[in-house]
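Participant: need coordinates for the following:
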Amino acid sequence: MPAVEVIDLRVGSKRARGAMTATLLKSIKETLDLKQQALLFINRRGLAPLPMCFSCGHVIKCVNCSVSLTLHQALESGQPNRLVCHYCGFEQAAPKRCPACDSKGFRFVGIGTERLEGEVLKRFPEARVGRLDSDTTRTKGSLNKILKSVRNGELDALVGTQMVTKGHDFPNITLVGVIEADLGLHMPDFRAGERTFQMLAQVAGRAGRGESAGRVIIQTLNPDHYSLLRARDHDFPGFFDQELTQRRKLGYPPFSRLALARLTGNSEDRTRELAHEMGEMAWDVIDRQPENGLDVIGPAPSPLGKVKGKYRYQILFRARQTKPLQTFLTTWLDESRTRLKGRGVSLTLDVDPYQVM
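Facilitator: Residues are numbered from 1 along each chain as shown. Prediction:
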């Protein structure tokens with residue numbers, strides 16, 4: 001297994017100017033000098049994910065979704081860079097001044113695959129650098145072409161998103177750098193730690209698959225989080241036990257069963273109003289089915305409250321056993337159909353949801 005080093009980004013002396021620490025930059029140089037390959041992973045594409053004014057605080061958001069737009073490099077020279085929504089595809093030209101206050105203090109904050117690729121090229125101008133994300137693999141055959149270039153040694157470094165982590169066997173990749181390991185840790189989902197451990201274990205597995213030993217460098221603002229520490233030590237049993245302890249304390253699966261009801265509509269007021277009606281109705285059903293051990297979490301706006309012009313609210317149902325949940329959902333859904341009719345709001349129900357975003 002490759003040796004894994006966790007770099008604490010909270011220590012100012014550790015960070016170089018840009019996305020890569022001095023430790024990672026030194027390791028990349030050593031790797032390239034040995035004619036070996038490096039893989040740099042950040043699970044966020046584009047140039048920068050946050051277009052923000054430092055004068056008035058304005059953030060440019062998508063007109064259809066409740067997310068900020070991401071800066072992408074222009075596809076053609078001479079054209080302005082683009083701000084793109086990764087959920088609905090909306091895009092607009094990137095402004096040079098703040099659209100709210102006309103200040104010159106407008107900045108594009110954060111790191112994505114495009115900016116990381118540019119930094120690697122700037123630091124190592126002689127290196128052959130490629131990028132693997134959904135932007136570079138849109139055309140037919142582009143994915144296989146990039147993978148073939150890595151396998152044939154035509155690239156010295158590959159920058160990519162989660163697409164680079166799964167199933168690829170590149171014997172000459174001996175260094176893996178994880179730029180921001182914290183991106184998924186703070187998602188409003190009880191599986192955030194599990195997904196982070198899974199991602200780190202997968203990307204670490206790309207290093208040292210040939211004759212030469214591998215090395216992994218993980219840059220993080222949360223160096224003491226158990227997901228990162230267990231991934232560093234390749235300790236799946238330890239992660240499993242610690243994650244189960246957390247789940248047991250909080251009453252999340254596998255110690256309970258979940259069902260996620262999401263209401264989606266064109267009108268925010270109507271969707272919110274109906275969500276609260278459905279929540280009250282859920283408690284009425286529970287009162288008629290005593291001692292079923294059910295909890296109702298919500299209603300509340302979904303973590304992504306608006307996607308593709310549709311407003312979203314959700315209710316999470318939790319039960320210790322399967323049968324009471326099934327009995328409750330059967331009754332609640334039957335009564336819900338009457339409330340939903342003619343209201344312009346749709347309902348989806350996901351039993352045992354894999355994610356709650």
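Participant: residues touching R320, list them.
Facilitator: Shown in contact with R320 (CB atoms under 8 Å, 6 or more residues apart in numbering): G251, F255, S256, R257, G293. The C-beta positions use only the backbone N, C-alpha and C, and glycine is treated the same way.
Participant: would you list the buried entries among the residues you listed?
Facilitator: For those, a neighbour count by 16 or more other CB atoms under 10 Å gives the buried set as S256, R257.
Participant: what is the lowest-pLDDT residue among the contacts of R320?
Facilitator: On pLDDT alone, G293 ranks lowest of those, at 84.
Participant: identify the farthest-apart pair in the contacts of R320.
Facilitator: Pairwise distances across the contacts of R320 (CB to CB) peak at 11.7 Å, for the pair F255 and G293.
Participant: and of the contacts of R320, the nearest to D241?
Facilitator: F255 (14.0 Å).
Participant: state the three-state secondary structure for the closest residue to the closest one other than its chain neighbours.
Facilitator: Among residues not flanking F255 along the chain, R248 sits closest, at 5.3 Å (CB to CB, 6 or more residues apart in numbering). What DSSP: H, G, I helix; E, B strand; the rest coil gives for R248 is helix.
Participant: for the closest residue to A181 other than its chain neighbours, give the beta-bridge partners.
Facilitator: Spatial nearest neighbour of A181, excluding adjacent residues (CB to CB, 6+ apart): T220 at 4.2 Å. With DSSP bridges as the criterion, T220 is bridged to D8.
Participant: count of neighbours near T220?
Facilitator: The tally of other residues near T220 (other CB atoms under 10 Å) stands at 23.
Participant: now do the same contact list for it.
Facilitator: Taking CB under 8 Å, 6+ apart, we find T220 in contact with V6, I7, D8, L9, V178, E180, A181, D182, L228.
Participant: could you check how far it is from F328?
Facilitator: 41 Å (CB to CB, to the nearest Å).
Participant: residues making contact with the biggest helix by length in the chain?
Facilitator: Longest among the helix segments of the chain by residue count, using DSSP state H, is helix 268-288. By CB under 8 Å, 6+ apart, the residues outside helix 268-288 that reach it are 261, 263-265, 292, 294, 296, 298-299, 301, 306, 311-315, 317, 328, 331-332, 335-336, 339-340, 343-345, 347.
Participant: switch to 6 Å and redo it
Facilitator: For helix 268-288, the external contacting residues (CB atoms under 6 Å, 6 or more residues apart in numbering) are 263, 265, 294, 296, 299, 311, 313, 315, 328, 331-332, 339, 343, 345.
Participant: any idea how far it is from the chain center?
Facilitator: Distance, stretch centre to chain centre, for helix 268-288: 30 Å (CA atoms, centre = their mean, to the nearest Å).
Participant: which parts of the stretch 251-357 of the chain are helices?
Facilitator: For the stretch 251-357 of the chain, the helices defined by DSSP state H, counting those that start in this stretch cover 268-288, 322-340.
Participant: mind giving me the domain ranges of this structure?
Facilitator: 3-46+115-248, 49-109, 257-351 (automatic domain parsing).
Participant: so where's the stretch 1-150 of the chain shaky on pLDDT?
Facilitator: Where the stretch 1-150 of the chain drops to pLDDT under 70, the residues are 11-17, 75-79.
Participant: show me where it has its strands.
Facilitator: For the stretch 1-150 of the chain, applying DSSP state E, counting those that start in this stretch gives strands covering 3-8, 37-41, 50-53, 70-72, 82-84, 91-93, 106-109, 129-132.
Participant: from N64, how far out is K310?
Facilitator: Distance check for K310 against N64: by CB to CB, it reads 9 Å.
Participant: out of these two, which sits in the more crowded spot?
Facilitator: It is K310, of K310 and N64, that has more neighbours when counted by other CB under 10 Å, with 19 against 16.
Participant: how about the more buried one, what does it touch?
Facilitator: T264.
Participant: how close does it sit to H234?
Facilitator: From K310 to H234 the distance is 42 Å (CB to CB).
Participant: try R195
Facilitator: 17 Å.
Participant: what's across from L294 in the sheet?
Facilitator: For L294, the residues forming beta bridges with it (DSSP bridges) are A319.
Participant: same question but for R312, I mixed them up
Facilitator: Beta-bridge partners of R312, as defined by DSSP bridges: T264.
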